[in-house]
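Colleague: generate coordinates for the sequence data below:
(4 chains)
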There are 2 protein chains.
Amino acid sequence: MIELADRDQKVLEAIVIDYIESGEPVGSRTIAKRYGLNVSSATIRNIMCDLEDLGLLLQPHASAGRAPTEKGLRLYIDYLMRSKRLAEEEKALILQAYRDGKKDIQELLRRSSAILSRFCRQAGVVLWPRLRLMRFRHIELIKVRQGQALAVLVSESGLVHQMMLDVDEDITQDDLDKYSRYINELLLNVPLGEVKERILSEMQKEKVLFDQLYVRALDISRRFFQSGLNDAEVYIEGRTNLLNSPEFADVDRMRRILEAFEDKARIVKLLDMALRPSESVASTIILGPESELDELQEISLISSPYRHGETAVGVLGVIGPMRMDYSRIIPIVEFTADLLSQLLDEPDQI
Amino acid sequence: MIELADRDQKVLEAIVIDYIESGEPVGSRTIAKRYGLNVSSATIRNIMCDLEDLGLLLQPHASAGRAPTEKGLRLYIDYLMRSKRLAEEEKALILQAYRDGKKDIQELLRRSSAILSRFCRQAGVVLWPRLRLMRFRHIELIKVRQGQALAVLVSESGLVHQMMLDVDEDITQDDLDKYSRYINELLLNVPLGEVKERILSEMQKEKVLFDQLYVRALDISRRFFQSGLNDAEVYIEGRTNLLNSPEFADVDRMRRILEAFEDKARIVKLLDMALRPSESVASTIILGPESELDELQEISLISSPYRHGETAVGVLGVIGPMRMDYSRIIPIVEFTADLLSQLLDEPDQI
DNA sequence: GTTAGCACTCACCCCAAAAGAGTGCTAAAG
DNA sequence: CTTTAGCACTCTTTTGGGGTGAGTGCTAAC
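Modeller: All right, here's what the predicted structure looks like:
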């Protein structure tokens, strides 16, 4: 990374802080006056010029102040920023928001997203737990009509997932009950990611090979687990908070952003990027251009993985303009991720 | 309703049609030239003046043309408009959109909403079927942890509904299995709206009164059905289509509208209004001010109930600006409602 | 009852001028 | 060699006025 003289760092920091607050390019006088550096504006100007040469600042036009570039923001976030401590009252408020209301997992996830959006005043996002990281708890096969059955899967943590399956015309509910009893026993507590192999290996066994019931049961569940575990759901609440940022006051830009949100697959992709490297890290920040998704150039994600047991199973966070109050939002996101993790494990402790 | 002379009707109709197309107040010359009424613009002006006195038209400012008021639109919709027939190719396209993809009900509902938004170029909305109008099919009780169980309800049509329940600490999964077996037998095919009474009457019975198992099972299910059936879910797709309407080009107005969408409860309320009178009617149109919801003043809903069996169980539609091409959208909404009804009953016919 | 004609009203566009913010450069001071 | 004051310059934003065009209301004639 770029090495900066102490004073240059201070200037960059001041510019970023001011820019985050005001949303407008910052002039040299402002910095000189307000950030106690004890140098004249002319000196600041010289430094600014250097920082611009390094690609950390940008001048929208010749007679404007400077705004940080993505690179400048990145440097600030990685090396200069000090996260604020989250106020105890704020913690209490968040806790309270979790306490009242229903407790099933889906609702918990949605509520997390609402909480994030409310406390950070941006859009809150929560990616469903990766099903493949959860453990099998129960499957129920219900005949809905001739040739079609509904499969309802419940994970050990209480997550419900459903899917319609084509089955043979002559299968009865009784058959399905037998199938599910067998499967439930076979797969209890198996991580859903390993279910497929378990089924395949079971299919090799003697006792199975010649028993219609086993064969059919395994076939159905194989089809279920083949296609059922892929779709990732994501909850997005508080999109309209984005409308409050002056940088999106322009209708056209606004539309582009909101359209990006309509297509959840894109947001999933973004959150996926955040989940991957995060096993060990408390939070990941992706600035627009880093995402390499054209439609998300102008926004940024602050995210944190949440765990079930020991493993990070999903990710939640906040989406907003690149200009966000990172030092305030990061602790909120991390705290929320921690809370959600606890709630998944032992909801009564909260 | 107001009685209008034949020619006056024609003028009103022309104004509405032109306004719907252009989005701008219409002048007298335009009407005289383009709509073959064979009178001069001065005559049109006189008529316009009369219509304005009746509260059917409105002049945004002294030197502008006239736009229809809500009252004018209403009159047009109720008495003057002739719905276009839906082109066969368009029908085929909609059908196709239903054909490919998954088939579970939730997905079907969401897809309906997406289809509506795509073909009408507005926001598509689908209200979940009223659970109380569906029939009981299956319930599964799954112990998730000490003192808490997940109840998963499946309706006869394959709709899945879940809820977390507090249960006694000492209850085992075995107990829960017994409970659900009993409940499943008791309630099979009972309309969910009548389940509560059924449970209460069952509780009176001799054989039940003195059997812990029955008592506990009924107690659990009573609690489930008490609070579980109320929440109405709604799918809204294609909100960003609203951004294309020039009437929402203003950022502030836009924000207000989108904020109204964030709070789903409000949309549910709106759709509920449309569901009530609709048993016999093919479609209901609610213009903004008629909704009496402050935040929805500027938008309007075109909706149609969908059925399961004989009863209207839910409602779907399109939300857009008051200025919509009603004659085109109404048939699309009705067609989609019909299709969804068929899909709920016998998906293979499609 | 209908129409032509005319004066009048606004909204909108365009342009020029003024104001303001902030820079880069230079020369002098430390 | 670094820092600073001073100044000319650049570019955006705001303001205001004149011109244009769409559309009306009213009146008088048909």
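
Colleague: okay, A:Ser41 and B:Asp294: tell me how far apart.
Modeller: According to C-beta to C-beta, to the nearest Å, A:Ser41 stands 50 Å off from B:Asp294. For glycine as for every other residue, the C-beta is placed from the backbone atoms N, C-alpha and C.

Colleague: which one of those two is surrounded by more residues?
Modeller: Neighbour totals were compared for A:Ser41 and B:Asp294, and A:Ser41 leads with 15 against 11 (other C-beta atoms under 10 Å in any protein chain shown).

Colleague: the more buried one and A:Arg34 touch, don't they?
Modeller: No: using C-beta atoms under 8 Å, A:Ser41 is not in contact with A:Arg34; the gap is 11.2 Å.

Colleague: ranges for the helices of chain A?
Modeller: A:6-22, A:28-34, A:41-53, A:70-75, A:88-99, A:105-120, A:173-187, A:195-204, A:206-209, A:212-228, A:251-262, A:264-275, A:326-345 (DSSP state H).

Colleague: so which of these gets nearest B:Leu187?
Modeller: The closest of the helices of chain A to B:Leu187 is helix A:173-187. By C-beta to C-beta, the value is 15.2 Å.

Colleague: tell me the contacts of the closest residue to A:Ala282 other than its chain neighbours?
Modeller: What sits nearest to A:Ala282 in space, not counting adjacent residues and going by C-beta to C-beta, 6 or more residues apart in numbering or on different chains, is A:Glu334, at 5.3 Å. Counting by C-beta atoms under 8 Å, 6 or more residues apart in numbering or on different chains, A:Glu334 touches A:282-283, A:304.

Colleague: what pLDDT does A:Glu334 get?
Modeller: You'll see A:Glu334 listed with a pLDDT of 96.

Colleague: and stretch A:87-98, C-alpha only, in PDB?
Modeller: Output of stretch A:87-98 as PDB, limited to C-alpha atoms (Å, rounded to 0.1, in the frame of the first residue of the first chain):
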ATOM      1  CA  ALA A  87     -23.400   3.600  22.500                       C
ATOM      2  CA  GLU A  88     -25.000   1.400  25.100                       C
ATOM      3  CA  GLU A  89     -28.400   2.900  24.600                       C
ATOM      4  CA  GLU A  90     -28.200   2.100  20.900                       C
ATOM      5  CA  LYS A  91     -27.300  -1.500  21.700                       C
ATOM      6  CA  ALA A  92     -30.300  -1.600  24.000                       C
ATOM      7  CA  LEU A  93     -32.600  -0.300  21.300                       C
ATOM      8  CA  ILE A  94     -31.400  -2.900  18.800                       C
ATOM      9  CA  LEU A  95     -31.800  -5.600  21.400                       C
ATOM     10  CA  GLN A  96     -35.300  -4.400  22.100                       C
ATOM     11  CA  ALA A  97     -36.200  -4.500  18.400                       C
ATOM     12  CA  TYR A  98     -35.200  -8.100  18.400                       C
END
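
Colleague: domains of chain A?
Modeller: A:6-80, A:88-130+A:232-349, A:134-228 (automatic domain parsing).

Colleague: go through the ones you listed and name the closest to B:Ala217.
Modeller: That would be domain A:134-228 among the domains of chain A, by C-beta to C-beta, at 17.7 Å.

Colleague: below-threshold pLDDT in chain A: ranges please.
Modeller: Scanning chain A for pLDDT under 70 picks out A:1-2, A:277-280, A:349-350.

Colleague: one step back: can you put the domains of chain A in CSV and add distance to DNA strand D?
Modeller: Listed next are these as CSV, based on distance: least, C-beta to the nearest atom of the strand, whole Å:
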stretch, distance to DNA strand D
domain A:6-80, 3
domain A:88-130+A:232-349, 11
domain A:134-228, 49
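
Colleague: any chance of the helices of chain A in CSV, plus distance to A:Leu127?
Modeller: Formatted as CSV, the helices of chain A follow (distance: least, C-beta to C-beta, whole Å):
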stretch, distance to A:Leu127
helix A:6-22, 26
helix A:28-34, 39
helix A:41-53, 36
helix A:70-75, 23
helix A:88-99, 18
helix A:105-120, 9
helix A:173-187, 24
helix A:195-204, 21
helix A:206-209, 36
helix A:212-228, 17
helix A:251-262, 14
helix A:264-275, 4
helix A:326-345, 11
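
Colleague: ok, and the closest non-adjacent residue to the closest residue to DNA strand C within the stretch 1-150 of chain A?
Modeller: Closest to DNA strand C within the stretch 1-150 of chain A is A:Gly27: 3.0 Å, counting by C-beta to the nearest atom of the strand. Leaving aside its sequence neighbours, A:Gly27 sits nearest to A:Gly65 (C-beta to C-beta, 6+ apart; 3.9 Å).
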